[in-house]
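*Asks:* got a sequence here, can you model it:
(chains A and B)
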There are 2 protein chains.
Amino acid sequence: MLVIELDTPCVVIDGAIVDRNIQRFQTYCTYHGLNFRPHVKTHKIPELAHRQIQSGAIGINCQKISEAEVFVDAGIEDVLITFNILGEKKLKRLVDLSKRCRLTVVADNTETIKQLSTYFKQEKSSVRVLVECDTGAKRCGVQSPQDALALALVIEASPSLVFSGLLTYPAPEKTLEANDWLQEARELCKNAGLTVETISTGGTPGMFSAHDFSVATEYRAGTYIYNDRSLVNHGTCKYEDCALTVLTTVVSHPTEDRIIVDAGSKSLSSDLLGLEGYGYVVEYPLAKIYALSEEHGSIDFSACDLRPKIGEKLNIIPNHACVVSNLSDYVHLKLDDHVSDSLPVAARGKVW
Amino acid sequence: MLVIELDTPCVVIDGAIVDRNIQRFQTYCTYHGLNFRPHVKTHKIPELAHRQIQSGAIGINCQKISEAEVFVDAGIEDVLITFNILGEKKLKRLVDLSKRCRLTVVADNTETIKQLSTYFKQEKSSVRVLVECDTGAKRCGVQSPQDALALALVIEASPSLVFSGLLTYPAPEKTLEANDWLQEARELCKNAGLTVETISTGGTPGMFSAHDFSVATEYRAGTYIYNDRSLVNHGTCKYEDCALTVLTTVVSHPTEDRIIVDAGSKSLSSDLLGLEGYGYVVEYPLAKIYALSEEHGSIDFSACDLRPKIGEKLNIIPNHACVVSNLSDYVHLKLDDHVSDSLPVAARGKVW
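*Replies:* Have a look, this model is predicted:
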């Protein structure tokens, strides 16, 4: 089937661009001696995780247990879950998961450590734990290298837990400060007799500066596999490196400049990521997607010489590829102008 | 099971509030002699559509064919699809659907009319068509009462199509202008010998002013069944009228005022609808959900006297209930503090 014959709106992935994106960053990491651990939240598709691992990635990064379970069920053997895991239901699932893969988790507080230790000890099992560090991004994480050491000591002293190192999601443009932060924390841990096996950092926007992060042993990135408008805007890639597009149809042309398409926030998401507008129209680069309702995208064509006809199909590169994956039950892989395969987004909606 | 024992994040619906919301607006419409046609995009659950119809609604409103199919499969007999439907795949499905329910569609352009007529004629079938009118909301719709008449005449002259009236989604606060607009269009149509059976308007924010819309025969509203923060902000309802909450767990407390929960944009969506912040924390009304990433919600508690503990569960009323439904595979119904049922969100992700 031709891509243009697909019913819209739908997500189309260019397999050749995916392969090129995987290869490019893996080559970079290998050259710089960094372990690479892709965040699978971007694609949520086991087949693509296997491609990443076959290219040299050491394992995967997930955010939630239910997401990790999908990938372990599909044969992935090394998983890092970068989320404080709490509560009986989740901890029982986590212990089960740890028996089926090489599992690492994170903690930034003593309550998480206490609960992890309790459940893994009950099952006479153990798990590797990294201390999550807030090096400037201001989300989760301990607030100072001294606090990192303090938590590392609690982990080391907790039955069934193995302190394995430090993890951060650095603030964009603050990787050098983050590097200094983690270097200090590593020295404190070493001086206290702890082994800091892993120092994990990440982020697609800054991925080609990862070699400046001298203290890191491991890099995590997700969006790089597809890329998106936010990364083009950041200068990380070009539009021709964007593998994911939303195919949509023009359904209304009520005024000279206003065109309505059948992709709204249920297809493109409302994520702006600091940008103006909700995506890039490949065939009409000057068109502006200025508003979304759930099923309608409103596009201003006043800057364009031409107008599409009602019924014409347009490709939109979204602001944020990861959230688009989470809105789709499956994606269509394309090879040139043809649909080569359709893959279920197996870990879509896995928020637990 | 107690609601508080549910794994998080998850969507919880208070069945008593749902019933009260359904009853209140149905009573209003019945009193004012308006047909009421709920938009099912808010809940996407056939069981709730049946409750709406049992209470007096004349049928349902859908935005897409795939959404309508779910409800007709579940026994709903009267469906209005408020979207220009184009393309062979969709039109074949539409003809099939028209054989299983009383179907009405809309059109705001001649290409849609041509395609509708072609496919319904091929199948020796017919369909009711309303002219979609842009009375100020600036999305789809013909631009003037004269254009509405012109399109009505094209519909009336098209084989297999039955012109059935006019439809608008009015701009908030411009219902009187919209009423004048449609009154003029109706007169033009009547003078041209056309029967204007239905004049359909809608919108939850202005629903209790629907009686001012004197020309309307039918009102459409969706969000009213659950309500949400945007409607509280608009003055349409109070927080105690909000039936849908996202149950979430505190997973990190990195600084005095910053608390992180396990519900991010994959649970609450990034929809702001003009508001500041991403939801209302029921237990801490002064807390501000100032940022979301996909799996994390960042909340500022600086205005609150107390702080929740790590592991504590919080209820969040989202800005926009409809998009939250679309992110969830199922919702939990609650009766007081107990989970009384779990319902699949059968029409989640139906964007075609």
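
*Asks:* identify the residue spatially nearest to the spatially most central residue of chain A, adjacent ones excluded.
*Replies:* Nearest to the mean C-alpha position of chain A, counting by CA atoms, centre = their mean, stands A:Gly222 at 3.4 Å. Distances taken as CB to CB, 6 or more residues apart in numbering or on different chains put A:His39 closest to A:Gly222, at 3.2 Å, once the chain neighbours are dropped. (Each C-beta comes from the backbone N, C-alpha and C, glycine too.)

*Asks:* with A:Glu283 instead?
*Replies:* The nearest residue in space to A:Glu283 (CB to CB, 6+ apart) is A:Leu314, at 5.6 Å.

*Asks:* what's the following helix or strand after the one helix or strand that neighbour maps to?
*Replies:* According to DSSP states H and E, A:Leu314 maps onto strand A:313-318. In the C-terminal direction, the helix or strand that comes right after strand A:313-318 (DSSP H and E) is helix A:321-325.

*Asks:* what's the following helix or strand after that next one?
*Replies:* Assigned by DSSP H and E, the successor of helix A:321-325 is strand A:330-335.

*Asks:* mind listing what's buried along that following strand?
*Replies:* By 16 or more other CB atoms under 10 Å in any protein chain shown, the buried positions in strand A:330-335 come out as A:330-334.

*Asks:* same check, this time on stretch A:103-114
*Replies:* A:103-109, A:111-114.

*Asks:* next step: these restricted to helices.
*Replies:* Among the buried residues of stretch A:103-114, the members found in helices (DSSP state H) are A:111-114.

*Asks:* buried residues in the strand or helix carrying A:Gln23?
*Replies:* Element membership for A:Gln23 (DSSP H and E) is helix A:15-31. For helix A:15-31, the neighbour count (16+ other CB under 10 Å) marks A:15, A:17-18, A:21-22, A:25-26, A:28-29 as buried.

*Asks:* with distance to B:Tyr290 added, can I get the residues you listed in TSV?
*Replies:* Output for the buried residues of helix A:15-31, formatted as TSV (distance: CB to CB, whole Å):
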residue	distance to B:Tyr290
A:Gly15	39
A:Ile17	35
A:Val18	34
A:Asn21	32
A:Ile22	35
A:Phe25	32
A:Gln26	36
A:Tyr28	35
A:Cys29	34
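
*Asks:* residues contacting the residue nearest to the centre of chain A?
*Replies:* Applying CB atoms under 8 Å, 6 or more residues apart in numbering or on different chains, one finds that A:Gly222 lies in contact with A:38-42, A:61, A:204, A:322.

*Asks:* could you chop chain A up by domain?
*Replies:* Structural domains assigned to chain A are A:3-11+A:229-344, A:15-225, following automatic domain parsing.

*Asks:* could those be laid out in TSV, adding mean pLDDT?
*Replies:* As requested, the domains of chain A are exported to TSV (pLDDT from 0 to 100):
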stretch	mean pLDDT
domain A:3-11+A:229-344	98
domain A:15-225	97
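
*Asks:* for B:Thr245, which of the ones you listed is the nearest?
*Replies:* Smallest distance to B:Thr245 across the domains of chain A (CB to CB): 18.0 Å, for domain A:15-225.

*Asks:* endpoint to endpoint, that closest one covers what distance?
*Replies:* The first and final residues of domain A:15-225 sit 10 Å from each other (CA to CA, to the nearest Å).

*Asks:* can you check stretch A:316-336 too?
*Replies:* 17 Å.

*Asks:* for stretch A:61-78, same thing?
*Replies:* 9 Å.

*Asks:* ok, now stretch A:340-352?
*Replies:* Terminal-residue distance, stretch A:340-352 (CA to CA): 32 Å.

*Asks:* so what touches it?
*Replies:* Stretch A:340-352 is contacted by residues A:13, A:15, A:40, A:43-48, A:64-67, A:69-71, A:74, A:90, A:325-334, B:7-10, B:262-263, B:266-267, B:295, B:327-329 when judged by CB under 8 Å, 6+ apart.

*Asks:* ok so, going back, ok, and of the buried residues of stretch A:103-114, which contact chain B?
*Replies:* When contact is defined as CB under 8 Å from any CB of the partner chain, the buried residues of stretch A:103-114 meet chain B at A:108-109, A:111-112.

*Asks:* report the contact partners of the residue nearest to A:Leu34 when sequence neighbours are not counted.
*Replies:* Of all residues not flanking A:Leu34 in the chain, A:Tyr219 sits nearest, at 5.0 Å (CB to CB, 6+ apart). Neighbouring residues of A:Tyr219 by CB under 8 Å, 6+ apart: A:29, A:34-37, A:200-202, A:207, A:210, A:213.

*Asks:* I figured A:Ser55 was touching A:Arg24, is that so?
*Replies:* No - the criterion here is CB atoms under 8 Å, and A:Ser55 misses it with A:Arg24 at 10.1 Å.

*Asks:* count the residues that sit near the residue lying closest to A:Val95 once chain neighbours are set aside.
*Replies:* Leaving aside its sequence neighbours, A:Val95 sits nearest to A:Glu123 (CB to CB, 6+ apart; 4.7 Å). Look at A:Glu123: counted by other CB atoms under 10 Å in any protein chain shown, it has 15 neighbours.

*Asks:* how close does A:Glu123 get to chain B?
*Replies:* Here A:Glu123 is placed at a distance of 19 Å from chain B (CB to the nearest CB, to the nearest Å).
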